[in-house]
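**Q** I'd like to go over a predicted model; first the sequence, then the structure.
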Amino acid sequence: MPVLEREMSGPGTTWYVALAAFLFGIGALGVLIRRNPLIVLLSLELMLNGGNLALIAFSRHFANGAGQIFGLAVMAVAASEVCVGLGLVVAINRRKLALDVDRLSELRG
Amino acid sequence: MTYGAWICLVSPLVATIVILLGGTTLTRRAAAWIATSSVFVSFGGAVTAFLGVHGAHVAQSPSCLSFGLHCNAQGELTTAWTWLASGHFKFGLELLVDPLSTVMMLIVSGVGGLIVLYSVGYMDGDNEERRYFAYIALFVFSMLMLVEGGNLLLLLVGWGLVGLSSYLLIGFWHERPSAVQAAKKAFVMNAFGDATMALGLFVLIAHTQSLSFGALGGVSGSTANWVALGLLGGAAAKSAQIPLQTWLPDAMEGPTPVSALIHAATMVTAGVYLIARTHVVFEQARTIELIAAGTGALTLLVAGLIALVQTDIKRVIAYSTMSQIGYMFLGAGVGAYANGMFHLMTHAFFKALLFMTAGLAIHALAGEQDIRKMRGLGRVMPITKWCFLAGALALVGIPPFSGFFSKDSIVAATGALGTWYGWVFWLCGIVGALLTGLYTFRLWFLVFPGEPSAFVREHHHRHGRWGEGPWTMLLPVAVLAVLATVGGWLQWAPLWHPFTDWLHYAAATAEGAEPSSTLEYATSAATVIAGLAGIAIAWAIYSERSVAIPKLPALQRVLENKFYFDAVYDRLFYAPAVAIAALLRTEVEEPVILQGGTDLGQTALDAGGIARRIQTGILRTYVFFIAAGAAALVLAFLIAK
């Protein structure tokens, strides 16, 4: 797709992409390191939003609306994921299990 | 005329399906009466078809008024739908309604109806009556399929189905190991015949691209020989002719009505029908046809001899059946197809009668079948006694009983060949008549006359209103006694032969098998004298004057071992098969197949044990691997770029 240079206010695309990568990295580290499922979910949100930011930045960069529409779809997915995730957290709490992803390891082979 | 044939065929099948699906919602009596009435409906259909065929050719030639007399009755092929189509092979589900098949339909459904009616009384109170009646209706359907089938493929279908229903009925009392063994034996020997027949049909397909009856006329030379040999193998197995005869005596393990219907009146005579139906190819293969005649002659002597020493009432009659079918093969083998078919009909009457009277005796003696214990039974069972006598006289061929008319014309036809083997066959027929008189009246004198033996006095019990059985058993016996007496009057070859004329279109007697009247009369005299001589010897030995039996221990031992056929087959086929099976078990089954299965399972288990270590169950390791994988992919793409 040809790059359409357009007049844009604010910083250049590179900054946005760098910020997106930063957000994604923080999120990924959070998922990897933290053991509290609530925080893991928060970190997942960060990863998703990092992805979203990259989508929208490129959408503007290429002057193509598809990226923004895709961003909306990701937000819908994120919302439903949080619903399920928080539901799980509530269920775990109700059964008085430890809120620690490392100790929820019944699926071990 | 054709709808009658369809009704005839389908009615017993409907009964089978109704009884099988009905299961326990039907009472036992209801199942019995459904089967019985279906076979009588079938008989009605057969009569309709017969009258149709008759009417059709009366219409063609108005001068022909009496049944079959000098008439050229034609057949009609009726097709329901195309059953199999493969390339240019096409097989319709078609019935052939012609003089030959209508005669067989009448015999099968008529005698069959009487015998099924008899089993209503005989099987009363048996544990699995419904299953019995479903099987017997299935048998009648299969037999009708065999005789009505409009091409050789449908004939083979019926051929296999009668084998199946015979197997099921021989093994009906499945808690008796001997019955199960007998059923298996019958099935295996019949399967051998089915296989040779199928091979013959393959040869026919290869040469004519067709399995219609008309295709049989299109082969000659060695092809005809192979086809005829295949068909003869099937016929000999089904009709218990040497060397495939050993299953029939064992088949007596089945219920007595089954022996009467399948192993006397209908199925075992199918071989004769087959030869008559396919006689065109046999006439192209005279050698094979003479082998058929020779087989018949040998079987009639061997079976007659073995019957002399049997002590089980049903086995004596079974060997007698083999012997009489030998006569039919002899007739069909020399080209006198109509005479063979005529003997098939009278034999169906008198042999079913003999089996059913034997059944009455067995029933009254609580299952005892040993004739040495039965002396004097006639005193307590007069109806059985006189009906048995009618059957016995018909079997020996004493005029005016039916066997006289049918058997003599076969023997006369062999003499008409005029060759040396023709006269050998003729002599076999006469000696056979002597043996028939001897073994039949040995049975008669041992069982019926005289004072009742201690065993009979102790075990005989009266049942039914007349003391000998319920009406369902006595009525068919009475009807068959009448038929066995008068059934032969239909035809006396030198003077009056409507039966032969009727079959002329379907199975015209071959040239050279038309005896002169002188030969007919001379043969009749010879067979009757031989039969009477047999009766006289039996009277001298087995009645109360008891002349000592000539002591021939060697011969007696051979006869009691049934000429060692069973022993030889055991050594020749059974023992090697068992040895090979045992070898395969120790060498192949256990080390390779069984061990292989275990090894395969263990390997899968071991591999699984390694793979399961990856599944830690800790979420963060999964995430780490996903992230690491994604990073690796990104790196790979960056480097590859």
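**A** Thanks, I have it. Every value quoted in this text rests on a predicted model; they were computed, and no experiment measured them. Numbers count the residues shown, from 1 in each chain, chains lettered A, B, ... in the order given.
**Q** pLDDT below threshold where in the chain?
**A** Since you didn't name a chain, this refers to chain A. A:1-9 (pLDDT under 70).
**Q** wrong one, chain B
**A** Applying pLDDT under 70 to chain B flags the ranges B:1, B:57-75, B:463-466, B:545-548.
**Q** Pretty sure residue B:260 sits against residue B:362.
**A** No - using Cβ atoms under 8 Å, residue B:260 is not in contact with residue B:362, being 11.8 Å away. Glycine gets a C-beta too; all of them are placed from N, C-alpha and C.
**Q** higher neighbour count, those two?
**A** When neighbours are counted by other Cβ atoms under 10 Å in any protein chain shown, residue B:260 and residue B:362 differ, and residue B:260 comes out ahead with 32 against 17.
**Q** Which residues outside the helix or strand harbouring that one are in contact with it?
**A** Residue B:260 belongs to helix B:256-260 when elements are defined using DSSP states H and E. Where contact means Cβ atoms under 8 Å, 6 or more residues apart in numbering or on different chains, the residues beyond helix B:256-260 that reach it are B:115-116, B:118-119, B:122-123, B:136, B:169-170, B:172, B:251-252, B:314, B:317-318, B:351-352, B:355-356, B:358-359, B:362-363.
**Q** again with stretch B:144-152
**A** Contacts to stretch B:144-152, defined as Cβ under 8 Å, 6+ apart, come from residues B:5, B:8-9, B:12, B:42, B:77-79, B:91-92, B:94-97, B:101, B:104-105, B:108-109, B:154-155, B:157-159, B:161-162, B:201, B:204, B:211-213, B:215-216, B:270, B:273, B:278.
**Q** Just the buried subset of the residues you listed, please.
**A** Neighbour counting with 16 or more other Cβ atoms under 10 Å in any protein chain shown marks B:5, B:8-9, B:12, B:42, B:77-78, B:91-92, B:94-97, B:101, B:104-105, B:108-109, B:154-155, B:157-159, B:161-162, B:201, B:204, B:211-213, B:215-216, B:270, B:273, B:278 as buried within the contacts of stretch B:144-152.
**Q** taking those residues one by one, which sit in helices?
**A** B:5, B:8-9, B:12, B:42, B:101, B:104-105, B:108-109, B:154-155, B:157-159, B:161-162, B:201, B:204, B:270, B:273 (DSSP state H).
**Q** can you tell me which of the contacts of helix B:256-260 are in strands?
**A** Counting by DSSP state E, none of the members of the contacts of helix B:256-260 fall within strands.
**Q** and these, which of them are in helices?
**A** Judged by DSSP H, helices contain the following of those: B:115-116, B:118-119, B:122, B:136, B:169-170, B:314, B:317-318, B:351-352, B:355-356, B:358-359, B:362-363.
**Q** wait, residue B:376 sits on residue B:455?
**A** No - with contact defined as Cβ under 8 Å, residue B:376 and residue B:455 do not form a contacting pair (9.5 Å).
**Q** Leaving out sequence neighbours, find the closest residue to residue B:239.
**A** Leaving aside its sequence neighbours, residue B:239 sits nearest to residue B:271 (Cβ to Cβ, 6 or more residues apart in numbering or on different chains; 3.2 Å).
**Q** With residue B:500 instead?
**A** Ranked by Cβ to Cβ, 6+ apart and with sequence neighbours excluded, the top spatial neighbour of residue B:500 is residue B:338, at 4.0 Å.
**Q** ok, then the element right after the one helix or strand the one you found maps to?
**A** Using DSSP H and E, residue B:338 falls within helix B:337-364. Proceeding N to C from helix B:337-364, the next assigned helix or strand is helix B:377-380, under DSSP H and E.
**Q** what packs against that following helix?
**A** The helices and strands touching helix B:377-380, judged by 3 or more Cβ pairs under 8 Å, 6 or more residues apart in numbering or on different chains; DSSP states H and E, are helix B:337-364, helix B:382-396.
**Q** which helices and strands does the helix or strand where residue B:635 lies pack with?
**A** Element membership of residue B:635 [criterion: DSSP H and E] is helix B:619-640. Where contact means 3+ Cβ pairs under 8 Å, 6+ apart, helix B:619-640 is packed against helix A:13-33.
**Q** And chain B, is the helix it packs on touching that?
**A** Yes - judged by Cβ under 8 Å from any Cβ of the partner chain, helix A:13-33 and chain B are in contact via A:28, A:31, A:32, A:33.
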